[in-house]
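Chemist: Need the 3D shape of this:
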Amino acid sequence: MAAAASSLVSYGSGSDSENESEFDAVAHLQPLKPGTITALAVLNSAPEVAVKEDVETGVHLDPALKEVTYNPTYETMFAPEFGPTNPFRSKQMSAPRNMLSGYAEPAHVNDFMFEQQRRTFSTFGYALDPSVDTSEVSSSSYIGAVEEAEKNKGLMVFETGAKKTEKRKKVKGGDASDIESFLGPWAKYQDEKDVAKPSEDEQKELDEILAKRQKRGKNEEEAPAEEKTVLHVKEAYDYQGRSYLHVPQDVGINLRSADVPEKCYLPKKQLHVWTGHTKGVSAIRLFPVSAHLLLSCSMDCKIKLWEVYNDRRCVRTFIGESCVVSISASGRIKHLSDVDIPVDFKYIAEPSMHSMPAVTLSPNGKWLACQSMDNQILIFGAQNRFRLNKKKIFKGHMVAGYACQVDFSPDMSYVVSGDADGKLNIWDWKTTKLYHRIKAHDKVCISALWHPHETSKVITCGWDGQIKLWD
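Modeler: Sure, this is the predicted structure:
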């Protein structure tokens, strides 16, 4: 080492190679000089390095390591990781985690305790807080309905609650051999009261309640409905002594004839509107045989008689409450009073069966048209057997919930009916095809009548209070 140092000091001092070789051969035998030591210190190629052996006493662990074979210290286990850090991450994002939402560790839970707390929470609405020490149970030891937990004193679903109060005791029945004094199961309770008489305050309250009920129950006796008529024409009879019921003979058609038109046509336009009812019109009927007068029944408890020809004016108004009106073939108006007779009956219907509130007989008397509540018009045979004609089913209109009247044309070529949308629907009798549809009323078109002596005149009424004539 000393020879190497001396050779470095004497490097470059001469050019004679022979002298250098001789000096090098005996250089290791010569003592070191003080200047040489200083030069070695200056020319040291391995400088001193600050070593942290005193500070770092442990070994670094791999953060991804799951298992170690020795017992490391706390500082080694939880030392921060080396490497760059993201300054924009929050503390929650910078914390160690083994899944996207955080750090999950397996926990050992008793199955019975877990099921007990789960059922208690679903039944009573509260459960023990797993993050609180349950050795000292208090109001803060529960989650959920804390008030209910305090009320039940922390009762769990598998625990029994407080015992019910004892039943009322009965008076001893006595000896069964003594028939007169033996009470048996009919013995009274010990605290039973024999007289259920209300106190004075309760009696006052009961009297007030009874007085109010009697006051409400007193219905004033309704005066009997006064039936009257109002004649809207100047005189009931003309100069020849004919009343307004007389069949006119100057309309171009023989109204007294029983012959029907040879061919009927579809109505296309509106001819006239009868107005006079303040509420919806529920039904209309033509005068029998002649059909020169029209009778209309409205929801305003009034019945009006109209002229179909000439001036088409309102002839008479019939006023009478809660009575049904019909016209006989002789032209007389009959009033049928309300009769409420309870009759016990039982009828079991199939789900596919629907009510048929409106029924009309065909002009030839062979068929019966029924308005069904499943938006269909069903045809039944009305002669030998009352059987459904499956080939004659008319569809395409909406009448569910409304008793829309059906009618036939005089020559049996068309079937007419109103619907819930206020439309007049006309079907072909042979093909059951919907031929024509007219917007007749703003509300429900409840009835439609084809004039028996006209080829294309149809009368409709609706819940808008109007009666219209179409041709």
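
Chemist: Just the buried residues of stretch 80-91, please?
Modeler: Residues of stretch 80-91 include none that count as buried (16 or more other Cβ atoms under 10 Å). Where C-beta positions appear, they are placed from N, C-alpha and C, glycine not excepted.

Chemist: Please state the offset of that stretch from the chain centre?
Modeler: Put simply, stretch 80-91 sits 54 Å off its chain's centre (Cα atoms, centre = their mean, to the nearest Å).

Chemist: care to break this protein down by domain?
Modeler: Domain assignment of the chain by automatic domain parsing yields the ranges 2-42, 111-152, 226-338+353-471.

Chemist: what's the closest residue to Met77 other than its chain neighbours in contact with, if anything?
Modeler: Among residues not flanking Met77 along the chain, Leu61 sits closest, at 6.9 Å (Cβ to Cβ, 6 or more residues apart in numbering). Going by Cβ atoms under 8 Å, 6 or more residues apart in numbering, Leu61 touches Val68, Pro72, Thr76, Met77, Ala79.

Chemist: most neighbours per residue, which of the domains of the chain?
Modeler: Comparing these by mean neighbour count (mean count of other Cβ atoms under 10 Å), domain 226-338+353-471 ranks first with a mean of 16.

Chemist: mean confidence score for that one?
Modeler: Mean pLDDT, domain 226-338+353-471: 86.

Chemist: for stretch 183-196, same thing?
Modeler: Stretch 183-196 comes out at a mean pLDDT of 77.

Chemist: pull the CA atoms of it into PDB?
Modeler: C-alpha atoms of stretch 183-196 as PDB (Å, rounded to 0.1, in the frame of the first residue of the first chain):
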ATOM      1  CA  LEU A 183    -122.700 -21.300  40.300                       C
ATOM      2  CA  GLY A 184    -120.300 -23.200  38.100                       C
ATOM      3  CA  PRO A 185    -119.200 -21.500  34.900                       C
ATOM      4  CA  TRP A 186    -121.900 -18.900  35.300                       C
ATOM      5  CA  ALA A 187    -120.200 -17.300  38.300                       C
ATOM      6  CA  LYS A 188    -119.500 -13.600  38.100                       C
ATOM      7  CA  TYR A 189    -116.200 -11.900  38.200                       C
ATOM      8  CA  GLN A 190    -114.900 -10.500  41.500                       C
ATOM      9  CA  ASP A 191    -114.900  -6.900  40.200                       C
ATOM     10  CA  GLU A 192    -117.900  -7.200  37.900                       C
ATOM     11  CA  LYS A 193    -120.600  -4.500  38.000                       C
ATOM     12  CA  ASP A 194    -124.100  -5.600  37.900                       C
ATOM     13  CA  VAL A 195    -125.600  -2.300  36.700                       C
ATOM     14  CA  ALA A 196    -124.200  -0.600  33.600                       C
END
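
Chemist: How far off centre is it?
Modeler: 53 Å.

Chemist: returning to what we had before: pick the one among the contacts of Leu61 closest to Leu255.
Modeler: Met77 (115.5 Å; Cβ to Cβ).

Chemist: Quick one, grab the pLDDT at that closest one.
Modeler: So, for Met77, pLDDT stands at 84.

Chemist: burial measure for it, as a count.
Modeler: Met77 sits with 11 neighbouring residues when counted by other Cβ atoms under 10 Å.

Chemist: Could you measure from it over to Met93?
Modeler: 22 Å (Cβ to Cβ, to the nearest Å).

Chemist: ok, so of the contacts of Leu61, who is nearest Tyr414?
Modeler: Nearest to Tyr414 among the contacts of Leu61: Met77, at 98.6 Å, using Cβ to Cβ.

Chemist: which phi and psi does that closest one have?
Modeler: phi -70, psi -40 (degrees, to the nearest 10).

Chemist: One more: Ile303?
Modeler: Per-residue torsions, Ile303: phi -120, psi 130 (degrees, to the nearest 10).

Chemist: Not counting its neighbours along the chain, what's nearest it?
Modeler: The shortest distance from Ile303 to any non-neighbouring residue, by Cβ to Cβ, 6+ apart, is to Phe318 (4.1 Å).

Chemist: Tell me which stretches of the stretch 51-200 of the chain form helices.
Modeler: 74-77, 91-94, 111-124, 146-152, 200-217 (DSSP state H, counting those that start in this stretch).

Chemist: Return the distance of the first one from the chain's centre.
Modeler: For helix 74-77, the gap between its own C-alpha mean and the chain's C-alpha mean amounts to 63 Å (Cα atoms, centre = their mean).

Chemist: Can I get that helix in PDB, CA atoms only?
Modeler: Taking C-alpha atoms only, helix 74-77 is exported to PDB below (Å, rounded to 0.1, in the frame of the first residue of the first chain):
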ATOM      1  CA  TYR A  74     -44.700  -2.100  13.800                       C
ATOM      2  CA  GLU A  75     -42.500   0.500  12.100                       C
ATOM      3  CA  THR A  76     -41.600  -2.100   9.400                       C
ATOM      4  CA  MET A  77     -45.200  -3.300   8.800                       C
END
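
Chemist: when you give positions from now on, start the count at 81
Modeler: Noted, 81 is the first residue going forward, which turns the last one into helix 154-157.

Chemist: Double-check Leu441 against Cys450; I have them as touching.
Modeler: No: shown here, Leu441 and Cys450 do not form a contact pair, counting by Cβ atoms under 8 Å, at 10.5 Å.

Chemist: about what we covered before: want to throw the helices of the stretch 131-280 of the chain into CSV with distance to Arg393?
Modeler: Output for the helices of the stretch 131-280 of the chain, formatted as CSV (distance: least, Cβ to Cβ, whole Å):
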stretch, distance to Arg393
helix 154-157, 110
helix 171-174, 91
helix 191-204, 78
helix 226-232, 79
helix 280-297, 48
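
Chemist: quick one, which of those is nearest to Ile539?
Modeler: Within the helices of the stretch 131-280 of the chain, the stretch nearest Ile539 is helix 280-297; the backing value is 46.9 Å (Cβ to Cβ).

Chemist: Name the surrounding residues that touch the helix or strand that comes right after the closest one.
Modeler: Toward the C-terminus, helix 280-297 is succeeded by strand 308-311 as the next helix or strand (DSSP states H and E). For strand 308-311, contacts defined as Cβ under 8 Å, 6+ apart pick out Val395, Arg396, Thr397, Phe398, Ile399, Gly400.

Chemist: Let's see that with 7 Å instead.
Modeler: Strand 308-311 is contacted from outside by Arg396, Thr397, Phe398, Ile399, using Cβ atoms under 7 Å, 6 or more residues apart in numbering.
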